[in-house]
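Trainee: Return a 3D structure for these sequence lines:
(chains A and B)
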Amino acid sequence: MLEIRNLKASVEGKEILKGINLKVNAGEIHAIMGPNGSGKSTLASVLAGKQDYTVTDGEILFEGKNLLDMKIEERAHEGIFLAFQYPVEIPGVSTVNFLKTAVNETRKAKGLAPIEAKDFLATMREKMKLVEMDSKLTSRALNEGFSGGEKKRNEVFQMAMLEPKLAILDETDSGLDIDALRIVAHGVNTLRNKNNAFIVITHYQRLLDYIVPDFVHVLSDGKIVKSGTKDLAFELEEKGYDWVKEETINS
Amino acid sequence: MEDSDKILDELTTTEYKYGFVSDIEQDILAKGLNEDVVRFISAKKNEPEWLLEWRLKAYRHWLTMVEPTWENVHYPKIDYQSYHYYASPKVKPQLASMDEVDPEIRKTFDKLGISLVEQMRLAGVAVDAVLDSVSVVTTFKDKLRELGIIFCSMSEAVKEHPELVKKYMGSVVPSTDNYFAALNTAVFSDGSFVYVPKGVRCPMELSTYFRINAANTGQFERTLIVADEGSYVSYLEGCTAPMRDENQLHAAVVELVAHDNSEIKYSTVQNWYPGDKDGKGGIFNFVTKRGICSGVNSKISWTQVETGSAITWKYPSVILKGDNSIGEFYSVAVTNNMQQADTGTKMIHIGKNTKSRIVSKGISAGSSQNSYRGLVRINKKATNAQNFSQCDSLLMTDHCGAHTFPYIEVNNTSAKVEHEATTSKIGEDILFYCNQRGIGNEEAVNLIVNGYCKEVFNQLPMEFAVEAQKLLAISLEGSVG
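Mentor: Next up is the predicted model:
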């Protein structure tokens, strides 16, 4: 589904990603872990297409198509979803209205007619249950006055509504209490199927107790320095990131 | 940041879509302004002596006045001698139906997407279309006449209902009120007149489309709406103007009079040519709009969506004289490129238990400057007066400006006055978020702007609200690539 080859990216002249290689197949969950400043969020942003980053080398293929040639919204239409670490607030635009626009723009890109209001509302009700989202929240302005946990749940709710092929969760666990974490994880696990894939970016092993990854990659100084199964996450938790760094240097 | 600015710049530099000139033969008075011009206009319209005298008095007073400079806008000095003060279509047809309308004029309206036929058929709107200074088409008059409602051009009102015109014209905005009102009084060309008799609820939205069409013709419209006891009327005014190279002066006066238990709702969608993206050309819009709630329990509500003009100088106001009267002002003002707007309202509380509500939404894009200026005055005898003001500003770029000048004067301790204000910016992070959800920049801006303006759009009649949304989209198109 996704193939990243020797990806290098910089921001304001400073190289952050220094040659990433990663292959994600449908049905897989990949966790990307790493210390602060290792390039985890940069990778998420580059995949989504954020303009602050300049790709200096390498390529990203998504279902065989060159992702780097596409605009941000085109990538979204292709089925890439980013759950933001810090979701923005949009005053005056309700979550319902925002999502309806998002769904319809994606449908438009695929040559489909706008969704019937009735169907949209029915789907929404169903998906709201998934993340135990209060219906009052969806009629309020997007994320405005939402708590940290509500914002993250809203991200997973939007993901459920948009049904992406590849979802990237950028530190979705940060700032969540254990109950919220469980709800978010439940959402992801329910949405998981053999046709979609997830990249879960996290700092801590904790989230991976709830969302069990098929592969764990350790990112350090802009490179994937170690890959393994979920056991690698436990090892990291135990030994700390310095262990990986040392190991890298030694090798 | 640079990227988002570039994107916003692109979105905000789309050329004016309604820029065209229709080719209708016109009768134009030579440029310049003096007493003879005032006399010429009056004579051309066969006006009675008192009206000429009133014009001349205003003109003489105007000569002693100085153009105001307190507003937060900048423009080259206006040479009042460089304008034509009278223009009318050469052939002034007397029409019984749409079929008789000059095909050129109809084409013009079609281009604007405001087909009169459609308007009449779909919306049941009576349209008094003012093409340049003279009324060309007036419709639905018969139906209104049955109810005793008078809806006609000002020239016609002067002839047919001189007693009403004489009684009310200038009663809300005196001829000497301000520089531009005095100028308007001296040379006003035409406009609309509405009188709704006692106890009558006007069954349709009354609507006028204004349009400047002859090159360099200053437009001096004059509108007067009188709602007699217990009556109700909703009036819509909208305009789109053709592209011009030179600045065009527009100084209209609108007066509203609401008697006991009556209500007037006045809605405007304004889209005068704003000038090109470097600020060349564009309309100067210096308008005096004021209503008086002269009777008890009366209500006046102004709603405006302002997207056009190079310069906007406009403060639709309400004098709350009658006890328990209500004044409202709902405004969306969009400025783009080099546009400048200084707009707001005045709510003057005189009667007891009077209430006013102000909701102002400013949107600034490009290098434009957008100012809200509002006065809430509670007079000594206005016991238990209440005001609520909400003034919001939305910025689309780093080099535009939003300013708020609220003036509050309270002379009665029982008054309750609230003022809230916010400023926000459509930042790169918001656009990125929308894009990531599959929403392109243009659609994202529409979504955000429409959400932001919802409270004002809700005040507009439905067809008008749809048109206003489209207008906003067109005005801000290109500020996001």
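
Trainee: what's the burial count for the residue of chain B found nearest chain A?
Mentor: Chain B approaches chain A most closely through B:Gly451 (3.2 Å), counting by Cβ to the nearest Cβ. Yep, even glycine has a C-beta here, placed from its N, CA and C like the rest. Neighbouring residues of B:Gly451 were enumerated by other Cβ atoms under 10 Å in any protein chain shown; the total is 18.

Trainee: which residues sit in contact with it?
Mentor: Shown in contact with B:Gly451 (Cβ atoms under 8 Å, 6 or more residues apart in numbering or on different chains): A:90-94, A:97, A:141.

Trainee: Reformat those residues as TSV; add distance to B:Ile358, neighbour count and pLDDT.
Mentor: Supplementary listing: these in TSV, determined by distance: Cβ to Cβ, whole Å; neighbours: other Cβ atoms under 10 Å in any protein chain shown; pLDDT from 0 to 100:
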residue	distance to B:Ile358	neighbour count	pLDDT
A:Ile90	24	24	89
A:Pro91	19	17	83
A:Gly92	18	21	84
A:Val93	23	24	91
A:Ser94	24	18	90
A:Asn97	26	19	91
A:Ala141	21	18	88
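
Trainee: for the chain, what spans make up the helices?
Mentor: I'll assume chain A. Using DSSP state H, the helices found in chain A span residues A:40-48, A:72-78, A:95-109, A:117-130, A:135-139, A:148-162, A:178-191, A:230-239, A:241-250.

Trainee: should've been chain B
Mentor: When assigned using DSSP H, the helices of chain B occupy the ranges B:2-11, B:35-44, B:49-64, B:103-111, B:116-118, B:141-146, B:154-160, B:162-168, B:179-187, B:428-436, B:441-457, B:462-476.

Trainee: Just say which of the ones you listed is most tucked in.
Mentor: Greatest average neighbour count among the helices of chain B goes to helix B:179-187 (a mean of 25), per mean count of other Cβ atoms under 10 Å in any protein chain shown.

Trainee: Lowest-scoring secondary structure element of chain A by mean pLDDT?
Mentor: helix A:241-250 (a mean of 68; mean pLDDT, DSSP states H and E).

Trainee: Nearest to B:Leu249, out of the helices of chain B?
Mentor: B:Leu249 lies closest, by Cβ to Cβ, to one member of the helices of chain B: helix B:179-187, at 8.7 Å.

Trainee: What average pLDDT does the closest one get?
Mentor: Rounded to a whole number, the mean pLDDT of helix B:179-187 is 94.

Trainee: I'd like to know which elements it is packed against.
Mentor: Using 3 or more Cβ pairs under 8 Å, 6 or more residues apart in numbering or on different chains; DSSP states H and E as the contact definition, the elements that helix B:179-187 packs against are helix B:35-44, helix B:49-64, strand B:253-258, strand B:283-293.

Trainee: Now do it: everything it contacts.
Mentor: Applying Cβ under 8 Å, 6+ apart, the external contacts of helix B:179-187 come out as B:33, B:37-38, B:41, B:54-56, B:58-59, B:61-62, B:65-68, B:80, B:85-86, B:170, B:173-176, B:218, B:220-222, B:251-253, B:286-288, B:313.

Trainee: Which part of chain A gets nearest to chain B, residue-wise?
Mentor: For chain A, the residue positioned closest to chain B under Cβ to the nearest Cβ is A:Gly92, at a distance of 3.2 Å.

Trainee: Can you tell me the closest non-neighbouring residue to that residue?
Mentor: Nearest residue to A:Gly92, sequence neighbours excluded (Cβ to Cβ, 6 or more residues apart in numbering or on different chains): B:Gly451, at 3.2 Å.

Trainee: The one you found and B:Gln469: what is the separation?
Mentor: According to Cβ to Cβ, to the nearest Å, B:Gly451 stands 11 Å off from B:Gln469.

Trainee: For the stretch 251-400 of chain B, which segments are assigned as strands?
Mentor: The residue ranges that make up the strands of the stretch 251-400 of chain B, judged by DSSP state E, counting those that start in this stretch, are B:253-258, B:263-271, B:283-293, B:299-306, B:311-314, B:317-320, B:326-335, B:340-349, B:355-364, B:369-378, B:386-395.

Trainee: Tell me which of these lies nearest to B:Ile28.
Mentor: Proximity to B:Ile28, assessed across those by Cβ to Cβ, is greatest for strand B:283-293 (18.2 Å).

Trainee: Any residues of chain A in contact with chain B? List them.
Mentor: Counting by Cβ under 8 Å from any Cβ of the partner chain, the residues of chain A lying close to chain B are A:48-52, A:71-73, A:75-77, A:81-82, A:84, A:87-88, A:90-94, A:97-99, A:101-102, A:105-106, A:109, A:141, A:158, A:162.

Trainee: one more time with 7 Å, if that's ok
Mentor: Counting by Cβ under 7 Å from any Cβ of the partner chain, chain A comes close to chain B at A:48, A:50-51, A:72-73, A:76-77, A:82, A:84, A:88, A:90-93, A:97-98, A:101-102, A:105-106, A:158.

Trainee: Lowest mean pLDDT among the helices and strands of chain B, which one is it?
Mentor: Taking mean pLDDT, DSSP H and E as the measure, strand B:134-138 is the helix or strand of chain B with the lowest mean score, a mean of 43.
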